[in-house]
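J.: Below is the sequence, then the predicted model.
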Amino acid sequence: QVQLMESGGGSVQAGGSLRLSCAASGYISGYCMAWFRQAPGKEREGVARINTWGGSIYYTDSVKGRFTISRDNAKITLYLQMNSLKPEDTGMYYCATLGSCGGWVPTYWGQGTQVTVSS
């Protein structure tokens, strides 16, 4: 059983930065992991994913060059550094373990942390 808890969300102006953290309890070293987000009125979408040791990373096009996903397996924590934030980045951000490293199918979810970017 894995439990995930996100933190670090908040309200920032466009152009600002936030760093999200996802603290895990349980074994996550063997899982690929990802950050998802859900904007109001929209479906949840995958933002970034990372393999078990951090050597393979994928970003959705809208965040490339602005967001950085990383993990610290010793601290069993996943991170998302978000720079140059835009209003369209607003939403609830969730971390998740993935059933497959090549896709976006989650196995465990956190409760989410809200990110609000104002123009």
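T.: Looks like it came in fine.
J.: Bridged to the residue lying closest to residue 18 once chain neighbours are set aside, which residues?
T.: Counting by C-beta to C-beta, 6 or more residues apart in numbering, the nearest residue to residue 18 once its immediate chain neighbours are dropped is residue 82, at 4.9 Å. C-betas here are computed from N, CA, C, even on glycine. Counting by DSSP bridges, residue 82 is bridged to residue 18, residue 67.
J.: What count of nearby residues applies to residue 82?
T.: Using other C-beta atoms under 10 Å, residue 82 is surrounded by 26 other residues.
J.: Also residue 102?
T.: By other C-beta under 10 Å, 11 other residues sit near residue 102.
J.: returning to that earlier point: my guess is the residue nearest to residue 18 contacts residue 15, does it?
T.: No. If you go by C-beta atoms under 8 Å, residue 82 and residue 15 don't touch, sitting 11.3 Å apart.
J.: who's in contact with the residue nearest to residue 18?
T.: Residue 82 makes contacts with 17-20, 63, 66-67, 89, 115, as judged by C-beta atoms under 8 Å, 6 or more residues apart in numbering.
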